[in-house]
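**Student:** Dropping a prediction and its sequence here:
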Amino acid sequence: MASKSKISRTRNIGIVAHIDAGKTTVTERILYYTGKSYKLGEVHDGEAVMDWMPQEQERGITITSAVTTCAWRNHDIHIIDTPGHVDFTIEVERSLRVLDGAVVVFCAVGGVEPQSETVWHQADKYGVPKIAFINKMDRVGADYFNVLHTMKERFTSIPVAVQIPAGSEDNFRGVIDLVNEKMIVWSDSTSGMEISRQDVPEELADEVKANREKMIETLADVDDALADKYLAGDEIGVADIEQVLRKATISLKIVPVLCGAALRNKGIQPVLDAVIQYLPSPEDIPPVKGINPVTKLEEIRNSSDKDPLAALAFKIMMDEGRKLSYLRIYSGKLQVNDEIYNPIKKKREKIARLLRMHANKRERIDAASAGDIIAVLGLKATTTGDTLCKEEKPIMLELIEFYEPVISQAIEAKTPADQEKLTLALEKLVEEDPTLKVKYEEETAQTIISGMGELHLEIIVDRLLREFNCHVNVGKPRVVYRETIQKKAETEGLFEKILGEKKHFGHVRLTLTPRKRGSGNEIVNKLPENIIPDEYYDIIQEGIRESMMNGVLNGYPVMDVEVAVSGGSYREGESSAQGYKIAASSAFREACGMADPVMLEPIMMVDIITPSEFMGEVIGDINARKGEIQSVNPKGTVSEIKAKVPLKALFGYSTDLRSSTQGRAIFSMIFSEYNKA
């Protein structure tokens, strides 16, 4: 092992699951057996601890940090804490974005639950290789082969059983490793630390033989070399099987399936073996691509210390009042006190400290290199999704898509004491969650929070209470509208007034033209020479920009307008900055009123994955919500429906979709465009 490079001995994985599958217990056991924690985490009965909260709002596994590092068989395993409930927010997008592999935990009783389907499809979207662990084999009603059967029906990648259970429910004794044909048993007296590998008992020999044959047949289907051997009747050795399992897992063709009972301390070490055996190291995944901000050309960075630095900040956390930035290093090296460059913010940053995160403590390190996932102190300007690189070798990695908030809600503190807490708490939440926006409305004295959907805002309110002990009253969710113009208009603004002792004068002529939807606002200088001194142009722009924030119809921001400053006049001794700012502002408002203003509403691109038998109902419901179906793609037993739907018609949609599809359909929505309301 020692000869392998550090990077090939690294695994970046996430443990993902439906809320009750026992993900926390599995993670706790992993940390215990790898020597990271010295006592078993007290998750008293696997599933009860998390039940006091509404399932939708469950915030994921309870390790204090977002990343934990542990060692197993001379390999470093970085485990990312992914949220238990994939509410399609940034949390999961960003975790899957920086992961190389995932362990998907299923419950042997519950089987493939809606949420585990969601996680699976999310991982497919990012091309993340997976292994599956069927947990709770000791529970009444546990049925390993039934879960396997459902996985085959629901997923495109083929599940391959590399283990079968020896007994189940009360008789669950251990697992049988089909690759090596050994039975693995755990001693109860040592909390599962001691493992013994024994020969397969007589009474199970036939079952083991049949299942091993089935495993080899499935592998022969996805690998030609193995198929040739199999058909020729040659001996297929353990090394052959392991090699094909690794290759086919990394290329997303198959998913190895293991089983156990995490709460009874059975089955965890083989999962760690499988992570090393079958999941990719950073070297096994394609090199990362980015754009050089100077040349605007695409460049690639290989997973190697030799390539120039490319790292992605995928999560920001406030920890005891200090800002921790989590980075995935794709290439190059980082050292304490390094000067690095953020091409998105065009700022230089300095690394104050590098930290390797562990479950219960953090360790200061001097350097980190390609393949590592670490936390950094000292980055002031960096936010989620920013790239960090060397200034002389700049690269911008693909941004993590942030969606513009489309739904807002008024919140107010219940008491004056809560008001102080609220301001601080919201500042911290905004820094951590780039999809949350906060603004204060003077007229109504309310704080408005905006986010990605009803559930997102519910979770934020819940976190205000739980993490910051801040009590708030909550208004109803509202859609965030915009305004624009539909025709060209020209007008002038004139301001002359004596304020205090001084006369203020300003005079500008503006021409407003509608722009293509989604192209943004633009202010252009078309002033003939020597009409207005140059120093006033910036203040004229400022006046226009401020007016754009509040449209003439209902005070919503104005978008997609070109404003040309085309004329005006100047009076020596009377013209003032304030005069021009007010003149520009009033001219803009007047021109908007003349240019046929119109309200725009947010339209969402909704992506629904539903079992095919419910397709008719789902499409009918979209049509009833005035949605436009964009495409329908059958994918085996499920169909994917893409549609554009006005946001206001989507309130409560998740509940309606669940009830019309027996909880089996999932959907994600992202902002698509603004269109006439």
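**Tutor:** Noted; the coordinates are in hand.

**Student:** from here on, contacts and neighbour counts on C-alpha atoms
**Tutor:** OK.

**Student:** any idea how far Pro308 is from Glu391?
**Tutor:** According to CA to CA, to the nearest Å, Glu391 and Pro308 sit 10 Å apart.

**Student:** of these two, who's got more company?
**Tutor:** It is Pro308, of Glu391 and Pro308, that has more neighbours when counted by other CA atoms under 10 Å, with 20 against 16.

**Student:** And the pLDDT for that one?
**Tutor:** Pro308 is assigned a pLDDT of 93 by the prediction.

**Student:** where along the stretch 101-250 of the chain do the strands fall?
**Tutor:** 101-107, 130-135, 158-161, 163-166, 174-177, 182-186, 195-198 (DSSP state E, counting those that start in this stretch).

**Student:** got the angle for the first one vs strand 130-135?
**Tutor:** Regarding strand 101-107 and strand 130-135, their directions subtend 30 degrees when assessed with axes from the mean of the first three to the mean of the last three CA atoms, to 10 degrees.

**Student:** for the strands of the stretch 101-250 of the chain, which one sits closest to Leu647?
**Tutor:** Leu647 sits nearest to strand 101-107 of all those, at 32.1 Å, using CA to CA.

**Student:** and that closest one, how far out from the chain's middle?
**Tutor:** 17 Å (CA atoms, centre = their mean, to the nearest Å).

**Student:** contacts for it?
**Tutor:** Strand 101-107 is contacted from outside by 11-18, 20-23, 112, 116, 120, 123, 128-136, 275, 279-280, using CA atoms under 8 Å, 6 or more residues apart in numbering.

**Student:** and if you look at stretch 228-238?
**Tutor:** For stretch 228-238, contacts defined as CA under 8 Å, 6+ apart pick out Val179, Asn180, Glu217, Ala220.

**Student:** In helices, which of the contacts of strand 101-107 fall?
**Tutor:** Lys23, Ser116, Trp120, Ala123, Val275 (DSSP state H).

**Student:** can you count the residues close to the third one?
**Tutor:** Okay, so that is Trp120. By the measure other CA under 10 Å, the count of residues near Trp120 is 19.

**Student:** Can you tell me, leaving aside adjacent residues, what's nearest to it?
**Tutor:** Val104 (7.6 Å; CA to CA, 6 or more residues apart in numbering).

**Student:** For Gly371, see how far away the one you found is.
**Tutor:** For Val104, the distance to Gly371 (CA to CA) stands at 22 Å.

**Student:** between these two, who's got more neighbours?
**Tutor:** More crowded of Val104 and Gly371, by other CA under 10 Å: Gly371, with 29 against 23.

**Student:** That one contacts Gly332, correct?
**Tutor:** No: Gly371 is not in contact with Gly332 according to CA atoms under 8 Å; the separation is 9.2 Å.

**Student:** coming back round to it: ok, of the contacts of stretch 228-238, which come out buried?
**Tutor:** Val179, Asn180, Ala220 (16 or more other CA atoms under 10 Å).

**Student:** now, which of the residues you listed sits nearest Thr156?
**Tutor:** Ala220 (17.4 Å).

**Student:** what residues are up against that closest one?
**Tutor:** Ala220 makes contact with Leu226, Ala227, Tyr230 under the criterion CA under 8 Å, 6+ apart.

**Student:** Thank you, goodbye.
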